[in-house]
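A.B. asks: below: sequence and its predicted model.
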Amino acid sequence: MELKRQHLIDPVICIRCNTCEETCPVNAITHDDRNYVVDASICNNCRACVPPCPTGAIDSWLMSSRPWTLEEQFSWDDLPPEAKLEEGLESGPEPAEVTAIIDVATASTGGRVPPPFSAAHPYVNVYSRESPATARVAGNFRLTDPDAESDIHHVVLDFGIRPFPVLEGQSIGIIPPGVDDKGRPHNIRLYSVASPRDGERPHHNNLAVTVKRVRAKDDSGKLIEGIGSNYVCDLKKGDQVLVTGPFGDTFLMPNHPEANIVMICTGTGAAPFRGFTERRRRKAPDAAGKLLLFFGARTPGELPYCGPLMKLPPSLIDVNLAYSRVPGEPKQYVQDKMRERDTDLAALLKSEHSYIYICGLKGMEQGVEEALSDICRLHDLNWTEIRAQLRREGRYHVETY
Ligand code: A2P
């Protein structure tokens with residue numbers, strides 16, 4: 001059977017920014033409210049659409065015995081598994097999970113700890129309020145289900161030729177335009193970087209942040225809208241954004257391939273871990289060190305990057321999801337999932353190559369610590385001593401808000 005190569009767009013990675021459709025000189029690309037698709041009868045494989053794509057979703061060439069129709073492509077949640085990637089062509093990135101909104105005023109580092117011994121040296125404070133970098137919005141994509149309560153967005157910022165060096169685990173600042181009710185410029189909002197150091201799309205000078213729109217009622221019932229999060233969630237492709245940073249010199253990813261990384265997060269706290277996971281996937285997918293993720297959300301539809309996360313192979317990452325509000329199912333928190341994995345966690349706690357990172361709701365900190373303490377007790381380990389050692393050695397990092 002003769003196989004033909006067909007250019008397709010990976011619906012899991014695509015942020016629906018329309019760049020490919022705008023770029024295609026022969027109008028082979030079109031979309032509906034679900035997917036961007038390529039008409040095989042029109043596409044002449046000129047590849048004009050490839051370089052401008054901010055995520056690499058466009059880097060999908062599949063071999064098949066007949067062209068996939070537009071109707072088929074419109075129906076996909078993922079590229080078809082039976083189709084094979086043509087050898088030699090770069091596949092697009094498979095984003096893992098991700099992001100955190102960290103309010104400058106409330107961010108807690110859990111005490112000053114050194115970075116992991118093998119972390120790369122970070123650049124910090126390269127850009128300030130007085131001298132910010134200007135980034136262009138390459139795309140803004142809602143991650144949570146249309147009917148989900150949380151409105152979480154994946155926003156890709158492109159720095160063009162302006163250097164903006166980040167490492168996994170660092171944050172950037174975004175300056176919302178305008179002034180507050182006292183006429184002062186708005187505070188800078190910090191967001192964890194959700195991409196690995198070599199870009200949201202490999203070898204591109206861009207990065208993603210994952211931002212949850214803040215809308216809450218105060219005690220009197222008045223609606224409070226987060227200035228920063230609403231600004232970022234409403235950004236349109238092409239908008240210019242003032243960016244400061246990068247920030248953070250301790251919550252960094254260890255580089256050595258033996259590093260076991262235990263990542264514990266809720267909601268948008270998964271942002272830095274998307275960067276960690278994607279870094280490992282791109283650079284050392286066969287590393288000896290394990291990646292173990294505990295990720296809590298209300299429901300699957302509220303869990304950012306659920307689709308991409310489920311695509312990652314178990315050999316790369318061991319994923320443990322805890323849902324707290326799935327009708328008919330018991331409420332589960334990350335700490336419950338950790339208890340289920342007590343034997344594996346105890347084994348990791350004994351290794352000098354293990355690192356623990358916690359990111360997300362402040363309330364989770366206590367429950368996670370209690371779970372680790374109980375697990376240690378069960379396995380004849382002393383959590384107080386282990387935690388002190390982990391902290392001393394830059395192997396225990398907490399970023400909650
Ligand atoms: P809950 O359903 O009890 O709010 P959010 O969607 O508000 O960002 O929360 C993310 C997840 O974290 C939800 O599943 C939420 O559960 C859960 N959560 C809330 N409080 C805690 C806590 N103290 N420890 C662990 N998880 C928590």
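C.D. replies: Cool, the structure landed. Numbers count the residues shown, from 1 in each chain.
A.B. asks: C-alpha from now on. contacts and neighbour counts both.
C.D. replies: OK.
A.B. asks: could you list the residues of the chain in contact with the ligand?
C.D. replies: 266-267, 296-298, 323-325, 333-334, 363-364, 367 (Cα under 6 Å from any ligand atom).
A.B. asks: farthest-separated two in those residues?
C.D. replies: Greatest spacing in the residues of the chain next to the ligand, by Cα to Cα: R325 and G367 (17.8 Å).
A.B. asks: distance of the residue nearest to L252 when sequence neighbours are not counted relative to I13?
C.D. replies: The shortest distance from L252 to any non-neighbouring residue, by Cα to Cα, 6 or more residues apart in numbering, is to G169 (4.9 Å). For G169, the distance to I13 equals 21 Å [Cα to Cα, to the nearest Å].
A.B. asks: higher neighbour count, those two?
C.D. replies: Each of G169 and I13 has its neighbours counted (other Cα atoms under 10 Å); G169 has more, 26 against 20.
A.B. asks: and the pLDDT at that one?
C.D. replies: As predicted, G169 sits at a pLDDT of 98.
A.B. asks: leaving out the residues flanking it, which one is nearest to the closest residue to the ligand within the stretch 101-250 of the chain?
C.D. replies: Relative to the ligand, the nearest point of the stretch 101-250 of the chain is S150 (6.7 Å; Cα to the nearest ligand atom). The shortest distance from S150 to any non-neighbouring residue, by Cα to Cα, 6+ apart, is to E302 (6.2 Å).
A.B. asks: burial measure for that neighbour, as a count.
C.D. replies: Counted by other Cα under 10 Å, the residues lying close to E302 total 24.
A.B. asks: before we move on, what about K283?
C.D. replies: K283: 12 neighbours (other Cα under 10 Å).
A.B. asks: L361 too?
C.D. replies: Using other Cα under 10 Å, the number of residues around L361 comes to 18.
A.B. asks: what sits against it?
C.D. replies: L361 sits next to C265, T266, G269, T400, Y401 when contact means Cα atoms under 8 Å, 6 or more residues apart in numbering.
A.B. asks: hang on, the residue nearest to L252 in a helix?
C.D. replies: No - using DSSP: H, G, I helix; E, B strand; the rest coil, the secondary structure at G169 is coil, not a helix.
A.B. asks: what residues are up against it?
C.D. replies: S192, V193, A194, G248, F251, L252, M253, P272, F273, G275, F276.
A.B. asks: neighbour count, pLDDT and secondary structure for these - can I get that in a markdown table?
C.D. replies: Below are these laid out as a markdown table (neighbours: other Cα atoms under 10 Å; pLDDT from 0 to 100; DSSP: H, G, I helix; E, B strand; the rest coil):
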| residue | neighbour count | pLDDT | secondary structure |
| --- | --- | --- | --- |
| S192 | 30 | 96 | strand |
| V193 | 31 | 98 | strand |
| A194 | 36 | 97 | coil |
| G248 | 21 | 95 | coil |
| F251 | 27 | 97 | coil |
| L252 | 26 | 97 | coil |
| M253 | 29 | 98 | coil |
| P272 | 34 | 97 | helix |
| F273 | 34 | 97 | helix |
| G275 | 32 | 97 | helix |
| F276 | 28 | 97 | helix |
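A.B. asks: show me which of these is closest to M338.
C.D. replies: Among the contacts of G169, F273 lies closest to M338 (Cα to Cα), at 16.8 Å.
A.B. asks: next SSE after the lowest-mean-pLDDT helix or strand in the chain?
C.D. replies: Ranked by mean pLDDT, DSSP states H and E, the weakest helix or strand in the chain is strand 101-102, scoring a mean of 32. Where DSSP states H and E defines the elements, the next helix or strand beyond strand 101-102 is strand 133-142.
A.B. asks: mind listing what that following strand pairs with, with the direction of each?
C.D. replies: Strands that pair with strand 133-142, judged by DSSP bridges, come out as strand 152-158 (antiparallel), strand 240-247 (antiparallel).
A.B. asks: would you convert those into a markdown table that also reports mean neighbour count and mean pLDDT?
C.D. replies: Listed next are the strands paired with strand 133-142 as a markdown table, based on neighbours: other Cα atoms under 10 Å; pLDDT from 0 to 100:
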| stretch | mean neighbour count | mean pLDDT |
| --- | --- | --- |
| strand 152-158 | 26 | 98 |
| strand 240-247 | 22 | 97 |
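A.B. asks: longest helix in this protein, please.
C.D. replies: In the chain, taking DSSP state H as the definition, the longest helix is helix 364-378.
A.B. asks: return the set of buried residues in that helix.
C.D. replies: Buried residues in helix 364-378, counted by 16 or more other Cα atoms under 10 Å: M364, E365, V368, A371, L372, S373, D374, I375, C376.
A.B. asks: return the distance of it from the chain's centre.
C.D. replies: With Cα atoms, centre = their mean, to the nearest Å as the basis, helix 364-378 stands 26 Å off its chain's centre.
A.B. asks: what about this protein, any weak spots by pLDDT?
C.D. replies: 1, 82-111 (pLDDT under 70).
A.B. asks: hmm, 80 instead?
C.D. replies: Applying pLDDT under 80 to the chain flags residues 1-3, 64, 81-112.
A.B. asks: quick one: the helices in it?
C.D. replies: 19-23, 70-75, 227-233, 271-283, 306-311, 334-340, 342-349, 364-378, 383-392.
A.B. asks: to S41, which of the ones you listed lies closest?
C.D. replies: Go through the helices of the chain one by one with Cα to Cα and the one that ends up closest to S41 is helix 70-75, at 10.2 Å.
A.B. asks: now do that closest one: everything it contacts.
C.D. replies: Under the criterion Cα under 8 Å, 6+ apart, residues H31, D32, R34, N35, Y36, V37, V38, D39 lie in contact with helix 70-75.
A.B. asks: show me what contacts H153?
C.D. replies: Contacts for H153 (Cα under 8 Å, 6+ apart) come out as N140, F141, R142, L143, T144, T210, V211, K212, R213, C233.
A.B. asks: picking that back up, redo the contacts of G169 as a markdown table? Include distance to N27.
C.D. replies: Putting those into a markdown table (distance: Cα to Cα, whole Å) gives the following:
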| residue | distance to N27 |
| --- | --- |
| S192 | 37 |
| V193 | 34 |
| A194 | 32 |
| G248 | 44 |
| F251 | 45 |
| L252 | 43 |
| M253 | 42 |
| P272 | 37 |
| F273 | 37 |
| G275 | 34 |
| F276 | 37 |
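A.B. asks: good, wrapping up.
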